[in-house]
Every structure is written in C-alpha cells, then in structure tokens.
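J.: Quick one, what's the 3D model for this:
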Amino acid sequence: LTATDTGTVTCSLSPRALSVGTSPYPLSATFAPSTTNLAGSTGTTATTLAVTRAGTATTLSVSPASVAYGDETAVTYTVTVTSDTSGTPGGTVTVKSGATTLCTVTLTGGTGTCTTTTDTALLPGTHPVIATYAATTDFSGSTSPAGALTVTTAVTSTALSVTGTPATYGQETAVTFTVTVSVTGTNSLSATGTVSVSATVGGTATPLCTVTLTTGAGTCSPTPAVLPVGSYTITASYGGATGLGTSSVTGTLTVTSTGAPSVTLSLAPIAITYGNEQAETFTATVTAPSGVAATPTGTALVKNGTTTLCAITLSATTTLGTATGTCALSATELTATGLGTDSITLSYQGDGNFPSATSTPSTLTVNPSATTTTVTSSASSVLFGAEQAATLTLRVTPAYGPAGPATGTITVKAGTTTLCATVTLTATDTGTVTCSLSPRALSVGTSPYTLSATFTPSTTNLATSSGTTATALSVTKAGTATTLSVTPTTVAYGNET
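T.: Sure, this is the predicted structure:
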C-alpha cells in the first residue's frame with residue numbers, strides 16, 4: 001500500500017490455497033504500517049467466502065477395440081480426467097460396461113490405465129464401455145463418452161485319438177474315442193459342453209457316441225453293431241459353449257468281420273416217406289461268437305450234398321446274437337437222391353458282417369412209399385377153356401400222390417399158377433392196366449379161385465404190394481356136342497366086327 005494508492009489496493013487469491021472441505025471461509029486483512037505515525041489494524045469480510053468443487057471432464061480410450069472371449073485381460077483402458085480450473089484431479093475412475101465393472105483406475109496427474117480384471121467378464125458381442133470419475137473433495141465427478149469393446153467368440157480346436165481299431169463287428173465297445181478341445185489364445189479356459197462322434201456311412205453321418213467334456217477332455221465308446229464291416233471316416237464335432245466356438249476333427253475306424261458263427265440244423269421228423277417230403281421241417285439256428293453283441297442276418301441253405309433243398313430267411317430272436325428260421329421240403333424234393341440215408345447240412349451264407357459257416361451233417365432217412373395193388377375180374381364165372389373171356393383190371397396206387405404214377409410189373413396168379421403173362425405198368429398207364437386169363441390155365445376140379453396180383457416196382461422209390469380179388473372166380477365145365485358115323489352101313493350077321 002503506497003501513498004499513490006490513496007488507501008485502497010486489490011489482490012487475487014492464490015489457487016488451491018483454500019479447500020472445499022473447510023469452506024466457507026471468513027477472510028481477514030491485517031494492516032502493518034510502514035511509519036510510526038499510523039497504528040496497525042485488522043478487518044474481516046462481512047460475509048464468508050464459499051469454495052465449490054471444480055468441474056471435470058473424463059475421456060476414455062480402449063485398446064485393442066476387439067478381443068476374443070477369454071482374452072479380455074489383454075484390454076487396456078486409458079482414462080484422462082481434466083479440470084475446468086487449474087487444478088489436477090486425483091482419485092479413482094471406474095470402468096464399466098453396463099452393470100459389469102471391468103477395472104478401476106487410480107489417477108496420477110489426472111490420468112491412468114487399467115486392464116480387465118476378469119478374462120470372461122463380457123460375452124461375445126459389441127459392448128459400450130464408460131469411465132466414471134468419482135467426485136473428490138475438490139473436484140466433481142464426471143462420466144466419459146461411451147467407448148466400445150467387441151468380444152469375439154473364442155476359437156477352439158478339437159483333437160481325436162482312436163484306440164482299438166480295427167474293431168470286430170459287434171465288439172465295438174472295445175474302441176475308445178478320446179477327445180480334447182483346446183481354447184486358442186492366452187487364456188486359461190477349459191472347454192465345456194459335449195462332442196458328438198459320428199461316422200460317415202454312404203454320405204450320411206451316423207451317430208456313434210457323445211463325449212461330455214471335463215476340463216476340456218473326455219472319452220466315449222460306440223454302440224455295438226451300428227457300423228457294418230468296412231473302413232470309416234470318424235468326425236468329432238464340438239458344439240461350442242458360452243463364448244466358445246465350434247470345431248471338429250476327423251479320424252478313421254475300421255470294422256472287421258466276426259469269427260464264424262455257430263450253425264446248427266435240426267430235423268423233424270428224422271425219417272420220411274418218399275412222396276411225403278413236405279412233412280419234413282428243417283430248423284436253423286445261427287449264433288454269433290461269444291462276446292459279439294450282434295445278431296446274424298441273411299439266408300441259410302439246407303443242402304443234400306450240393307443240392308439245395310430249401311432256403312431259410314433268418315429272423316432275430318429275443319436273445320441277442322441268435323437268429324432262427326424254418327423251411328419245409330416240397331413233395332418228392334429228394335427224388336434225385338433216391339431212398340436211404342441222406343446227409344443234410346445247413347450252409348449259412350453270411351451277411352457281410354458275419355462270415356459264412358456250415359453245420360455238421362444231420363441224417364435224414366427216406367423210406368419208399370407204400371403201394372396198394374387191387375385186382376378185379378369182369379366176370380365171376382368162366383367156362384373151362386374160355387377163361388380169356390374174363391378181363392382182369394389191375395391197379396397200383398402209391399400211398400402218396402406225388403410218388404406216382406407207379407411203374408413196374410404185375411404178376412397175376414391163382415395159387416402158384418400164373419394166369420396172365422407178366423404185365424408191364426408204365427407211367428402212361430397212370431397206375432391201371434388190364435389182362436386176360438390164359439386159356440385152360442385153370443381147371444374145374446380146383447375151382448373156385450382167388451386171384452392175386454403182385455406189383456414189383458421198377459424204382460426203389462416205391463414198395464412192393466399184393467392184392468386179391470374180392471370174390472372168387474369159378475371155372476365151369478365146358479359144354480359138349482356128340483356126333484356118330486357108321487361105315488359100312490350094311491353088314492352080314494356074324495360079321496359085325
């Protein structure tokens with residue numbers, strides 16, 4: 001204060017000399033005179049002086065602006081808070097996306113950085129990010145304009161190992177698929193969820209089993225008998241999980257044929273009559289080898305040597321691994337083999353998964369068909385010497401129609417006397433022939449006669465048989481006529497001789 005000031009001067013307060021926390025302030029001025037002529041004095045303001053918080057502005061930058069899920073701790077948030085006065089704000093800034101706090105910045109000189117504290121804080125997508133400066137005693141709070149952070153789905157990779165290949169059909173549970181799913185990046189994430197394992201069959205995916213991941217890995221084994229014999233491309237497909245992308249990998253699996261199945265044949269009955277073969281039923285049983293969880297399919301042939309008698313289509317039973325079926329012969333099915341004992345086998349043809357196999361032989365006996373021979377006479381009585389007037393009808397009938405017509409010879413007798421020449425019975429005779437008696441083969445003295453006919457077959461398929469007339473044949477005396485001639489017609493007495 002100088003003389004030229006005429007007693008009045010001004011001054012400005014020093015910045016940051018006062019704080020908001022102790023506001024308002026009563027101001028005082030103390031005069032110290034420069035001469036002894038004046039006494040010192042003190043004065044105060046009539047009203048107090050209030051100090052309010054300085055305004056602030058907050059800015060935020062996000063780097064990088066895009067990151068994979070699980071790698072979010074690699075994101076750095078840079079925050080700057082400026083004051084609308086000459087002061088430098090201090091304190092903290094909270095960085096958030098929605099309600100999720102990403103990190104907190106402690107300001108130094110009005111600026112600072114932080115990184116995401118949790119690597120899975122945000123799910124895949126584009127997220128708004130804001131920085132909020134918390135008010136201090138001297139500086140008011142402020143919020144930055146929204147920044148953006150894009151979180152992409154994490155890339156995964158799937159690895160597959162196949163043990164137990166080649167596998168035997170029906171025993172595929174011995175195969176183990178081991179799957180490992182890794183998450184690409186600097187994170188320490190373990191994949192969760194499931195992996196579907198399938199095989200490509202004819203261009204179509206056939207499911208085999210499903211792996212449930214534990215800490216990114218797991219195993220499964222295929223269901224038996226899903227894949228026929230062959231080589232397959234195996235695909236393990238990870239379906240992804242929260243924040244994790246899908247991935248897949250391929251491998252190979254070979255399925256080989258089983259060992260030979262057990263093949264048995266049963267016959268009912270074990271003996272049949274020629275011409276009645278349709279009464280014979282063959283039952284096939286085909287059983288998978290032990291440990292094979294599959295049932296044979298296809299056809300089994302019943303054979304007599306190289307001749308196929310009938311074919312059986314196998315059907316699965318309620319017992320896993322066992323298939324059965326039946327077939328019957330048609331009439332005269334065994335004609336070509338003739339009578340006697342036949343060795344019958346069952347030849348399983350295989351189905352691609354099970355190899356072919358043949359049963360041990362079973363014995364089937366074929367007996368000749370019985371025949372019935374009948375003889376009837378056109379007359380019940382004939383004259384001696386005119387026996388040819390009687391016609392005999394001879395009929396031979398096999399017991400089973402398919403065995404006929406009968407062929408062979410027929411001998412007709414009365415006792416031990418052969419009456420007709422041997423009669424030949426051919427197929428065109430359809431079992432019936434006739435003959436006439438030989439003249440004077442029979443006598444009146446031993447009449448009447450029971451006539452018999454004996455059939456002798458020309459093949460082994462038919463049995464011999466005999467028949468007799470229902471009524472006896474009588475031979476009666478032949479009629480006579482007597483004539484006389486006398487030479488000479490005149491003779492002298494005494495010369496009659």
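
J.: Skip the chain neighbours and tell me the closest residue to Ala470.
T.: Leaving aside its sequence neighbours, Ala470 sits nearest to Thr376 (Cβ to Cβ, 6 or more residues apart in numbering; 7.2 Å). C-beta coordinates here come from the backbone N, C-alpha and C atoms, glycine included.

J.: Can you list the residue ranges for strands in the stretch 51-200 of the chain?
T.: Counting by DSSP state E, counting those that start in this stretch, the stretch 51-200 of the chain has strands at residues 56-63, 66-68, 76-83, 92-97, 100-106, 111-115, 125-133, 142-143, 147-152, 156-163, 167-168, 176-183, 194-201.

J.: who wins for proximity to Leu309 among these?
T.: Closest to Leu309 of the strands of the stretch 51-200 of the chain is strand 167-168 (Cβ to Cβ; 32.8 Å).

J.: name the helices or strands packed onto the closest one?
T.: strand 247-256 (3 or more Cβ pairs under 8 Å, 6 or more residues apart in numbering; DSSP states H and E).

J.: Packing partners of the next helix or strand after the strand it packs on?
T.: For strand 247-256, the following helix or strand on the C-terminal side (DSSP states H and E) is strand 262-268. Counting contacts by 3+ Cβ pairs under 8 Å, 6+ apart, strand 262-268 is packed against strand 281-287, strand 340-348, strand 357-358, strand 362-367.

J.: Spit out the contact partners of the residue nearest in space to the middle of the chain.
T.: By Cα atoms, centre = their mean, the mean C-alpha position of the chain lies nearest to Val226, the distance being 4.0 Å. Contacts for Val226 (Cβ atoms under 8 Å, 6 or more residues apart in numbering) come out as 172, 199, 206, 208.

J.: hmm, 10 Å instead?
T.: 169, 172, 198-199, 201, 206-209, 255, 294 (Cβ atoms under 10 Å, 6 or more residues apart in numbering).

J.: any idea of the pLDDT on it?
T.: Looking at Val226, its pLDDT is 90.

J.: can you give me phi and psi for it?
T.: With angles defined as degrees, to the nearest 10, Val226 shows backbone torsions of phi -80, psi -40.

J.: where does the stretch 201-350 of the chain have low pLDDT?
T.: For the stretch 201-350 of the chain, applying pLDDT under 70 flags the ranges 331-338.

J.: redo that, cut-off 90
T.: Applying pLDDT under 90 to the stretch 201-350 of the chain flags the ranges 202-203, 223, 225, 269-280, 304-307, 309, 328-342.

J.: Can you pull the phi/psi pair for the nearest residue to Phe31 once chain neighbours are set aside?
T.: Of all residues not flanking Phe31 in the chain, Ser41 sits nearest, at 4.9 Å (Cβ to Cβ, 6+ apart). When read as degrees, to the nearest 10, the backbone of Ser41 gives phi -160, psi 160.

J.: Equivalent analysis for Ala279, please.
T.: Dihedral angles for Ala279 - degrees, to the nearest 10 - are phi -80, psi -10.

J.: Can you get me the start-to-end distance on stretch 125-142?
T.: One end of stretch 125-142 to the other measures 27 Å (Cα to Cα, to the nearest Å).

J.: And stretch 37-57, by the same measure?
T.: First residue to last in stretch 37-57 (Cα to Cα) measures 54 Å.

J.: still on that earlier bit, format the strands of the stretch 51-200 of the chain as TSV; extra columns: distance to Val9 and mean neighbour count.
T.: Below are the strands of the stretch 51-200 of the chain laid out as TSV (distance: least, Cβ to Cβ, whole Å; neighbours: other Cβ atoms under 10 Å):
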stretch	distance to Val9	mean neighbour count
strand 56-63	34	18
strand 66-68	62	19
strand 76-83	30	20
strand 92-97	43	21
strand 100-106	44	18
strand 111-115	40	17
strand 125-133	40	18
strand 142-143	38	18
strand 147-152	51	18
strand 156-163	78	17
strand 167-168	105	21
strand 176-183	74	21
strand 194-201	86	20
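
J.: right, and these - which one's nearest Leu244?
T.: strand 156-163 (5.5 Å).

J.: Contacts for the closest one, please.
T.: Outside strand 156-163, the residues that touch it by Cβ under 10 Å, 6+ apart are 174-185, 189, 191, 193, 195, 197, 211, 216-217, 219, 221, 234-238, 240-241, 244-254.

J.: In ChimeraX, select just the buried ones from the residues you listed.
T.: Selection of buried members from the contacts of strand 156-163 for ChimeraX, criterion 16 or more other Cβ atoms under 10 Å:
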select :175,177,179,180,181,182,183,185,189,191,193,195,197,211,216,217,221,234,235,236,237,238,240,241,244,245,247,248,249,251,253
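
J.: Let me see the contact set for the residue nearest to Leu27 when sequence neighbours are not counted.
T.: Excluding the flanking residues, the one nearest Leu27 by Cβ to Cβ, 6+ apart is Thr45, at 4.5 Å. By Cβ under 10 Å, 6+ apart, Thr45 lies in contact with 25-29.
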